[in-house]
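Undergrad: The following comprises the amino acid sequence and a computationally predicted model.
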Amino acid sequence: MENNVFELQYAIDTFYFLVMGAFVMWMAAGFAMLEAGLVRAKNTTEILTKNVALYAVACTMYMVCGYALMYDGSAFLSGMGTIDVPSILNDFANRDGGFDGSALYSSASDFFFQVVFVATAMSIVSGAVAERMKLWAFLIFAVVMTGFIYPMEGSWTWGGASVFGLYSLGDLGFSDFAGSGIVHMAGAAAALAGVLLLGARKGKYGPNGEIRAFPGANLPLATLGTFILWMGWFGFNGGSVLKLGDIASAHSVAMVFLNTNAAAAGGAIAALITARLMFGKADLTMLLNGALAGLVVITAEPSTPSALLATLFGALGGVLVVFSIVTLDKLRIDDPVGAISVHGVCGLLGLLLVPATNGDVSLSGQIIGALTIFIWVFVVSLIVWGILKAVMGLRVSEEEEYEGVDLSECGMEAYPEFVSTK
């Protein structure tokens, strides 16, 4: 009878992991649609190529070396494809007190769930450097980011390793439930390093300090991308409960879903109102980024707040993201889709809000954890971007940028019927 319980939970938890991982994988489509909608038409094919290619690179690099770096040598290629049912059952049956309700799932499903998070971190970078970066420079960086930079900081957080043997974030009271800092702020830090070396798009900022708007080519597509991301986030946060096969875990999953949705709604409403007060108009792009900001904020701890608190936390992110996007523009940090503000600034906010509802977490631990993640990712990314800039260059030529990187990088246009030919 007990073996039947083990086998049933193994099936439920494994299946849950796989479904939630598929939800997160679908976020790749959300990023692709969001970014394709917010860039200009002449750069659409290239941004779509980047999003598909980076996902493939992330999956491959994390399998080859990233997973092993992050989880203490547990290499995917060293036997994860095999299963020894008797040894699994014996392991759980021989524990003190019998079955303890621990998560019981296939290691292959764990890898699948982890790898889609890596791709999400890299997707954040693609939008921030859009419209002027060389495709192959971006993809080479993706190899390093997904195979080394992200796995190293992941090993210090979710992997439980000490930071270069100096200190343990877990011992300091650091917690990041689903990756506000580990995934989102890390992706934003890598993006910021690239943007600083890359420079702004030609014509974005005038000589007298004026900021010129470059409207996205397809706002319906950007809206669709936001809804896809909103849906995928249920897997992102819900799957991070890690199990489903008991009453407590099932309730926790339900609360995480509820709070994730509430925070997104709060962020959207707050950003819409903030934009109306600041600009006198209902700015759709700010509304979309507000929803995403709310999602990023609640990702750090979606299981302990009440639904009302989750809404308020999301609203804080929605207000903050509007001010952050405006501030970065004033600083001439050109981010076409607002990725650094949404994922970086709001990722930090999410980490700092965790102690408000989780008594086991310290504010000092959250600050040290955030600094550790940001400094590591930003500095190493800056070095990698700098090497790429010296060796092959990061930026396309001024003429290629003017004509659009679709033709120069991919040799085709996304909307050929609407482009006049000479």
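TA: In hand now; what should we look at?

Undergrad: switch to C-alpha atoms for all contacts and neighbour counts from now on
TA: Fine.

Undergrad: tell me the contacts of residue 153?
TA: 70, 182, 373, 376-377 (Cα atoms under 8 Å, 6 or more residues apart in numbering).

Undergrad: where does the stretch 101-250 of the chain have low pLDDT?
TA: Per-residue confidence for the stretch 101-250 of the chain (pLDDT under 70) gives these ranges: 101-104.

Undergrad: Repeat the analysis, applying 80 as the threshold.
TA: 101-106, 245 (pLDDT under 80).

Undergrad: any idea how far residue 378 lies from residue 242?
TA: 29 Å (Cα to Cα, to the nearest Å).

Undergrad: hmm, back to that, buried subset of the contacts of residue 153?
TA: Buried members of the contacts of residue 153, counted by 16 or more other Cα atoms under 10 Å: 70, 182, 373, 376-377.

Undergrad: Please tabulate those residues in a markdown table and include distance to residue 15 as additional columns.
TA: Listed next are the buried ones among the contacts of residue 153 as a markdown table, based on distance: Cα to Cα, whole Å:
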| residue | distance to residue 15 |
| --- | --- |
| 70 | 23 |
| 182 | 25 |
| 373 | 31 |
| 376 | 35 |
| 377 | 33 |
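
Undergrad: between these, which is nearest residue 207?
TA: Distance to residue 207 across the buried ones among the contacts of residue 153 (Cα to Cα) is lowest for residue 377, with 32.4 Å.

Undergrad: taking the buried ones among the contacts of residue 153 one by one, which sit in strands?
TA: Assigned to strands by DSSP state E, none of those qualify.

Undergrad: Restricted to helices, list these.
TA: 70, 373, 376-377 (DSSP state H).

Undergrad: How far away from the center of its chain is the helix or strand containing residue 61?
TA: Using DSSP states H and E, residue 61 falls within helix 44-61. Computed by Cα atoms, centre = their mean, to the nearest Å, the chain-centroid distance of helix 44-61 equals 14 Å.

Undergrad: Check stretch 281-301 too.
TA: Worked out by Cα atoms, centre = their mean, stretch 281-301 lies 14 Å from the chain centre.

Undergrad: what comes up buried for that stretch?
TA: 282, 284-301.

Undergrad: same thing with stretch 131-149?
TA: Residues of stretch 131-149 classed as buried: 131-135, 137-139, 141-149 (neighbour count, 16+ other Cα under 10 Å).

Undergrad: now stretch 31-50
TA: Buried residues in stretch 31-50, counted by 16+ other Cα under 10 Å: 31-48, 50.

Undergrad: hmm, who's touching stretch 206-213?
TA: 203-205, 329-330.

Undergrad: What is the nearest of the residues you listed to residue 383?
TA: Taking Cα to Cα as the measure, residue 383 sits nearest to residue 329 out of the contacts of stretch 206-213, at 24.2 Å.

Undergrad: Look up the closest residue to that closest one, ignoring the ones flanking it.
TA: Leaving out its chain neighbours, the residue that sits closest to residue 329 by Cα to Cα, 6 or more residues apart in numbering is residue 211, at 7.2 Å.

Undergrad: Need the phi and psi values for the one you found.
TA: Here is the backbone geometry of residue 211 (degrees, to the nearest 10): phi -110, psi 120.

Undergrad: related to what we said a few turns ago, nearest to residue 309 among the buried ones among the contacts of residue 153?
TA: Using Cα to Cα, those come closest to residue 309 at residue 182, 22.5 Å.

Undergrad: Correct me if wrong: the closest one contacts residue 373.
TA: Yes: under the criterion of Cα atoms under 8 Å, residue 182 makes contact with residue 373 at 6.9 Å.

Undergrad: Report the contact partners of residue 29.
TA: The contact partners of residue 29, taken as Cα under 8 Å, 6+ apart, are 225, 228.

Undergrad: Any buried residues in the helix or strand harbouring it, and which?
TA: Per DSSP H and E, residue 29 falls inside helix 2-38. By 16+ other Cα under 10 Å, the buried positions in helix 2-38 come out as 6-7, 9-38.

Undergrad: Kindly report the same for stretch 271-282.
TA: In stretch 271-282, counting by 16+ other Cα under 10 Å, buried: 271-275, 282.

Undergrad: Next: stretch 107-120.
TA: 107-109, 111-120.

Undergrad: and residue 367, how many neighbours?
TA: Per other Cα atoms under 10 Å, the neighbour tally for residue 367 reads 15.

Undergrad: which SS class is the closest residue to residue 9 other than its chain neighbours?
TA: Leaving aside its sequence neighbours, residue 9 sits nearest to residue 245 (Cα to Cα, 6+ apart; 5.3 Å). Following DSSP: H, G, I helix; E, B strand; the rest coil, residue 245 is assigned to coil.

Undergrad: Now do the contacts for residue 295.
TA: Residue 295 neighbours (Cα under 8 Å, 6+ apart): 230, 233, 260-261, 263-264, 267, 314.

Undergrad: same thing with residue 18?
TA: 109, 112-113.

Undergrad: ranking the contacts of residue 295 by neighbours, who comes first?
TA: residue 314 (36 neighbours).

Undergrad: did I read that right, residue 165 in a helix?
TA: No: applying three-state DSSP, one finds residue 165 to be coil, outside a helix.

Undergrad: That one: how many residues sit nearby?
TA: By other Cα under 10 Å, the residues close to residue 165 number 8.

Undergrad: what does residue 202 give?
TA: 12.

Undergrad: Check whether it sits in a helix, strand or coil.
TA: Of the three states, residue 202 takes coil according to three-state DSSP.

Undergrad: I'd like to know how far it sits from residue 158.
TA: The separation that residue 202 has from residue 158, given Cα to Cα, amounts to 40 Å.
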